[in-house]
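Undergrad: build the 3D model from these lines:
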Amino acid sequence: MSIDRDTDHGAVVEARPWGPWATAGLSVVVAVVYLVTAVVIGVAIVIAELAVHPGQDPSRLAESLEQSGLLLATGAIGTAVVCGSLVLLFAWMRRGISVAQYLGFRPVRALSLLAWLLGIAAFALATDALTLGLGKPLVPEFMVVAYETAGFLPLFWLGIVVAAPAFEELFFRGFLLEGLHNSRLGAAGAVVLTSGLWAVVHVQYGSYERGIIFALGILLGIARIQTRSIWTAIAMHAMVNLMATVEAAIVCGG
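TA: Residues are numbered from 1 along each chain as shown. Here you go, the predicted structure:
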């Protein structure tokens, strides 16, 4: 929240984002558009595959693409463009506050950003150690299959390391967190709720992985609030995804 001055009357007014109910409603719109966009991209890939290799069973092909790295990457990029634009539009529609103020497009000090990146890297390494200590695979099976079926690896890296973190942070720690932050939930409640929702939508993972994602979301939310910049959360998320993708590449032999 920021304070602006009404130049016509000299009054001080609060620049607020959408309220919690409007935020929830608009977030549902984003979620619906996200699902529709993902389905359209999936259908387009199936059609393209059938055009190149006719005679395949469309239903079986669609089932095989559920864990496809190519679908994951193109879906991440496509939904980031479409739904990211929608989030920017909804923020722009709110009068009295700029998009930069609303979503946290504020510069962050280099030393502060470095400290948060080192912290999130340490968190990732600690959860890796815990995973290995519990006898669980370091790289989930979903990620291994996705990497092996990526098709065009540069596109996969772009989707996982750049597009997915950018959109997810813009939505969860930018739009949704900001709207809930100014409700009765307060900062702590908003961070916990958005982290829980973020973990739930990662349906491709098991409960253990979603627990780690929830804890990661708490750290991202705290970083977003303390630095007041969405760039911090995006950079931290990208760092974690980069480390996870490197691990998948190592497991898959490059």
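
Undergrad: can you show me the helices along the protein?
TA: 20-52, 58-64, 69-93, 99-103, 110-133, 141-148, 153-157, 164-168, 177-181, 186-200, 207-227, 230-251 (DSSP state H).

Undergrad: the first one to helix 186-200, inter-axis angle?
TA: Taking axes from the mean of the first three to the mean of the last three Cα atoms, to 10 degrees, helix 20-52 and helix 186-200 form an angle of 20 degrees between their directions.

Undergrad: hey, least reliable of the helices of the chain by pLDDT?
TA: Averaging pLDDT over each of the helices of the chain singles out helix 58-64 as the lowest, with a mean of 65.

Undergrad: list the residues that contact the closest residue to residue 81 other than its chain neighbours.
TA: Spatial nearest neighbour of residue 81, chain neighbours left out: residue 163 (7.9 Å); criterion: Cβ to Cβ, 6 or more residues apart in numbering. (C-beta placed from N, C-alpha, C; glycine too.) With contacts defined as Cβ atoms under 8 Å, 6 or more residues apart in numbering, residue 163 is in contact with 76-77, 80-81.

Undergrad: top of those by neighbour count?
TA: residue 76 (25 neighbours; other Cβ atoms under 10 Å).

Undergrad: gap between it and residue 114?
TA: Using Cβ to Cβ, to the nearest Å, one gets 26 Å for the distance from residue 76 to residue 114.

Undergrad: and residue 77, what does it touch?
TA: The neighbourhood of residue 77, defined by Cβ under 8 Å, 6+ apart, consists of 155, 158-159, 163.

Undergrad: what about it, distance to residue 144?
TA: 21 Å.

Undergrad: swap in residue 214?
TA: 22 Å.

Undergrad: tell me which residue is most central in this structure.
TA: residue 168 (2.0 Å; Cα atoms, centre = their mean).

Undergrad: hang on, isn't that one packed against residue 237?
TA: Yes. If you go by Cβ atoms under 8 Å, residue 168 and residue 237 touch, sitting 6.6 Å apart.

Undergrad: hang on, the earlier thing: closest one of the contacts of residue 163 to residue 104?
TA: The closest of those to residue 104 turns out to be residue 80 (Cβ to Cβ; 17.2 Å).
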